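*Asks:* one predicted model, sequence on top.
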Amino acid sequence: MTVLTGSPDTSFSKADYKTLSLAALGGALEIYDFIIFVFFALTLSQLFFPPEMPQWLSLLQSFGIFVTGYLARPLGGILMAHFADQLGRKRVFSLSILMMALPCLAIGIMPTYEQIGYFAPLTLLLLRILQGAAVGGEVPSAWVFVAEHAPPGRQGYALGFLQAGLTFGYLLGALTATALAQIFSPEEILAYAWRLPFLLGGLFGLLGVWLRRWLSETPVFIALNERREADKELPLRTVIRDHRAMLLPALILTCVLTSAVVVLVVVTPTVMQKSFAMSASKTFALSSIGIIFLNLGCVIAGLVVDRIGAWRAVKLYSALLPVGISLLYASLINGGTWLQLAYALAGLSCGVVGAVPAVMVNLFPANIRVSGISFTYNIAYALWASSTPLLLIALMPLSPWVCVPYCLVMGTAGVTCASYFARRQPARTVQALETEH
C-alpha cells in the first residue's frame, strides 16, 4: 500500500485483498493446528497415559496439557513480538505458523505410551508448549500486519475479516472431528485414525508457510526503518515504562474477547453433552453453526468499526454479548426450542471478537505496537482461557444459567472500559496508523 497525497484512497486494491486473504487463511490453518487437540482430548488421554490410570484422571491430565499451550503463550508472544518490532512483521508472521505446524505434524507421528512409556506424555507436553509459544506470536503479529497494510478508514473491516479467518480455524477443527466420527468407528479412531487430523494440520501449516512467502513487509515498519526508529532498546521495556496507562484497557478488552470465544466455542459444546445429554454429532453440528455466524459477526463488527469508530463498536458489542448468550441458554433450558437460530444469534452477538482488535492496534505507537499488544493480550488470554472453562463447567451443576451472568459481568466490563478510556484517548484513532508513515 502506498500513501498518496490529497484525499486518501480508502478502497481495497487487489494487492490489499491478496494480503488480507493470505493472512486470514494462514491464521485459520494455524488456529486449526492449535485447537484440534481439544477435539481429541479423550482419545489422547487413553493413548498417552498409563492404562491403569482412572479415565477421569488421564482426561484431566490431557486437558492440563492442552491448557499448558495457553500458559506458554505469554513467553513465546513476548519474544516473537520483540523481533517483530525490531526485525519486521513479516518474518515473525511466517515463523509463527512454522512453529505451529511442525509440532502438530510431530504429534501425528509420535509413539504412544504403549511404545515409549512416560516419554509419551512428556513429549506431548513439550510439543504443546511450542504450539502455545507459536500462537502467542501469531495473533498480535497478524493484527498489526493487517492493520498496517489496510487502506485509511478500512482497518476495522480488515481486522474483522482477519478475526473471521482466525475463528474459522475452530470451525475446521469441529468439521474435521465430525467427519472422522462419521467415517471411522471408535475402535479405528483409537487405533490409528486419531493421527489423521494432526498430520493434516501439519500439512495445512506448511501450506500456510508457503503462502506467506508472497506477503510483503508493512509500510509502517518500512517507514520506521527508514527513520531508524526501530532502535535496539527492548520494546517491552518501553511499553512498561512509557505506556503503562494503555495496559489496563488492553487487558480488560482481551478478557472480554476471550470470554466470548470460551463461552461460545469451548464451554457451551461441553455443557450440551454433559448437562443436556446431547450426542457428540449434534453438538458438533450446532457448534459449527455458532462458529459460522461468529465468522460473519466478526466481519460485520469490522464494518461497524469503520462506520462508528472502534470504541463505540466495542461498547455496542459488549452490550450485545450477554443478550445473545441469554437467548442461547434460554433455548437450551427450554428443551432446545429454536436452538439452531439461537446459536446463530449468539454467534452474531459475539462480534466483540471482531471489534476489539481495532482498539488494540491503536493503543500503542508503531515502534512498540506488536510488543504492547502481545504482552497484554497473551497474559490476559492465557490466564482467562485456562481458568474460565474450568470455573464455568464446575459451577454448571449449581445452575444451567451460569454462563449468562458471567457474560453479563464481562459485557459490563467491556462497556465500562470503552466508555472510560475512549474519553482518555481521543487523539489516537484508527486513521492514526496511516499518519505515522
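*Replies:* Arrived safely, thanks for sending.

*Asks:* please make it C-alpha for all contacts and neighbour counts, starting now.
*Replies:* Fine.

*Asks:* need the contact list for residue 420.
*Replies:* For residue 420, the contact set (CA atoms under 8 Å, 6 or more residues apart in numbering) is empty.

*Asks:* mind checking pLDDT for residue 321?
*Replies:* Turning to residue 321, the model gives it a pLDDT of 96.

*Asks:* er, residue 236 actually
*Replies:* 70.

*Asks:* do the same with the one 4 residues further on
*Replies:* Predicted confidence (pLDDT) at residue 240: the value is 75.

*Asks:* distance of residue 343 from residue 120?
*Replies:* 38 Å (CA to CA, to the nearest Å).

*Asks:* residue 264 contacts residue 345, correct?
*Replies:* No. Taking contacts as CA atoms under 8 Å, residue 264 lies outside contact range of residue 345: 11.1 Å.

*Asks:* mutual contacts of the two, please.
*Replies:* Joint contacts of residue 264 and residue 345 (CA under 8 Å, 6+ apart) are residue 290.

*Asks:* helices or strands next to the helix or strand containing residue 331 in the packing?
*Replies:* Element membership of residue 331, judged by DSSP states H and E, is helix 310-333. For helix 310-333, the packing partners by 3 or more CA pairs under 8 Å, 6 or more residues apart in numbering; DSSP states H and E come out as helix 280-308, helix 339-349, helix 352-360, helix 403-424.

*Asks:* could you give the angle of the second one to helix 310-333?
*Replies:* If you take axes from the mean of the first three to the mean of the last three CA atoms, to 10 degrees, helix 339-349 sits at 160 degrees to helix 310-333.

*Asks:* ok and helix 339-349 relative to helix 280-308, angle-wise?
*Replies:* 40 degrees.

*Asks:* run the chain-centre distance for helix 339-349.
*Replies:* A distance of 20 Å separates the centroid of the chain from that of helix 339-349, by CA atoms, centre = their mean, to the nearest Å.

*Asks:* which residues touch it?
*Replies:* Against helix 339-349 from outside (CA under 8 Å, 6+ apart): 264, 286-287, 289-298, 317, 320-321, 323-325, 327-328, 331-332.

*Asks:* at 6 Å what do you get?
*Replies:* Helix 339-349 has contacts (CA atoms under 6 Å, 6 or more residues apart in numbering) with 290, 293-294, 297, 320-321, 324-325, 327-328, 331.

*Asks:* after the top helix by length along the chain, which helix or strand is next? Please name it.
*Replies:* What stands out as the longest helix in the chain, according to DSSP state H, is helix 119-149. Next along the chain after helix 119-149, taking DSSP H and E as the criterion, comes helix 155-183.

*Asks:* what helices and strands are in contact with that following helix?
*Replies:* helix 14-39, helix 280-308, helix 352-360 (3 or more CA pairs under 6 Å, 6 or more residues apart in numbering; DSSP states H and E).

*Asks:* between the ones you listed, which one is nearest to residue 104?
*Replies:* helix 14-39 (6.1 Å; CA to CA).

*Asks:* now find how far off-centre that closest one is within its chain.
*Replies:* Worked out by CA atoms, centre = their mean, helix 14-39 lies 10 Å from the chain centre.

*Asks:* against which helices or strands is that helix packed?
*Replies:* helix 155-183, helix 195-212.

*Asks:* ok, residue 213 to residue 207 distance?
*Replies:* Taking CA to CA, one finds residue 213 at 10 Å from residue 207.

*Asks:* okay, these two: which has more neighbours?
*Replies:* residue 207 (17 against 13; other CA atoms under 10 Å).

*Asks:* gap between the more buried one and residue 30?
*Replies:* 10 Å.

*Asks:* neighbours of the residue nearest to residue 147 when sequence neighbours are not counted, how many?
*Replies:* Distances taken as CA to CA, 6 or more residues apart in numbering place residue 155 nearest to residue 147, at 5.3 Å, with adjacent residues excluded. When neighbours are counted by other CA under 10 Å, residue 155 registers 29.

*Asks:* same check, this time on residue 288
*Replies:* Neighbours of residue 288 (other CA under 10 Å): 24.

*Asks:* with residue 389 instead?
*Replies:* That count, for residue 389 with other CA under 10 Å as the rule, works out to 18.

*Asks:* what residues sit buried inside the helix or strand harbouring it?
*Replies:* Using DSSP H and E, residue 389 sits in helix 369-395. By neighbour count with 16 or more other CA atoms under 10 Å, helix 369-395 contains the buried residues 369-386, 388-389, 392-393.

*Asks:* repeat for stretch 261-278
*Replies:* 261-272.

*Asks:* ok, and what's touching it?
*Replies:* So stretch 261-278 is contacted by 283, 389 (CA under 6 Å, 6+ apart).

*Asks:* returning to what we had before: buried residues, the helix holding residue 331. List them.
*Replies:* In helix 310-333, counting by 16+ other CA under 10 Å, buried: 310-332.
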